[in-house]
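# Quick one, structure for this:
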Amino acid sequence: MTTHLSADVQAGLDAARDAALLKSQRMRIVADGVSYRVLRAWTGGISVAAADAPPQRGLVELYDGQRHLAHCLIMASGEEDGEILFDFKQRSDASGEQPLDFVRAPDAPVALIEKDG
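Numbers count the residues shown, from 1 in each chain. Presented below is the predicted three-dimensional model:
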């Protein structure tokens, strides 16, 4: 069975889908101090609206609301349905902790308390 919709009805449905998608998504990327809303995310990449897409490649920060998720190196891989698709060339999760240049023993003390005396 085939369904045919008029151009006006299809445009209305597309606008409603885009509005619902924007409301439901909290993910965003920040490139050069400018924030861009992420429309879709998958294991190997993200998509951003073509109308306000960031540069075609570069280093971005990935956020879920205010929580910093990752540092990403992205590269545009195509365009489909008004979205620019970006692939992750590198993705490093943001842990919030300073990286160590040594191996910490699992039973190492957290702090040292000195004796008075």
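# rest of the way, CA atoms for contacts and neighbours
Fine.
# Show me where this structure has its strands.
Assignment of strands within the chain using DSSP state E yields the ranges 27-31, 34-42, 45-49, 57-64, 67-80, 83-93.
# now those as TSV including distance to residue 116?
TSV is the format used below for these (distance: least, Cα to Cα, whole Å):
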stretch	distance to residue 116
strand 27-31	50
strand 34-42	53
strand 45-49	56
strand 57-64	47
strand 67-80	42
strand 83-93	43
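# right, and those - which one's nearest residue 5?
Closest approach to residue 5 among these (Cα to Cα): strand 67-80, 20.5 Å.
# For the closest one, give the mean pLDDT please.
Strand 67-80 comes out with an average pLDDT of 92.
# Can you name the residues that contact the residue lying closest to residue 62 once chain neighbours are set aside?
In space, and not counting its chain neighbours, residue 62 is closest to residue 29: 4.5 Å by Cα to Cα, 6 or more residues apart in numbering. With contacts defined as Cα atoms under 8 Å, 6 or more residues apart in numbering, the neighbours of residue 29 are 35, 36, 37, 38, 60, 61, 62, 63.
# Surely the first one is in contact with residue 28?
Yes - contact between residue 35 and residue 28 holds when scored by Cα atoms under 8 Å: they sit 6.6 Å apart.
# Enumerate the beta-bridge partners assigned to the residue nearest to residue 62.
Bridge pairing for residue 29 (DSSP bridges) gives the partners residue 36, residue 62.
# Relative to residue 86, how far out is it?
Distance from residue 29 to residue 86, counting by Cα to Cα, to the nearest Å: 11 Å.
# Return every residue with contacts to both of the two.
Residues touching both residue 29 and residue 86 (Cα under 8 Å, 6+ apart): none.
# dump the residue contacts of the residue nearest to residue 57 when sequence neighbours are not counted.
Of all residues beyond its chain neighbours, the one nearest residue 57 is residue 75 (4.2 Å), with distances taken as Cα to Cα, 6+ apart. With contact taken as Cα under 8 Å, 6+ apart, residue 75 is in contact with 56, 57, 58, 86, 87, 88, 89.
# doesn't residue 76 make contact with the first one?
Yes - in this structure, residue 56 sits in contact with residue 76. The criterion is Cα under 8 Å, and the distance is 5.1 Å.
# I'm done for today, thanks for sticking with me.
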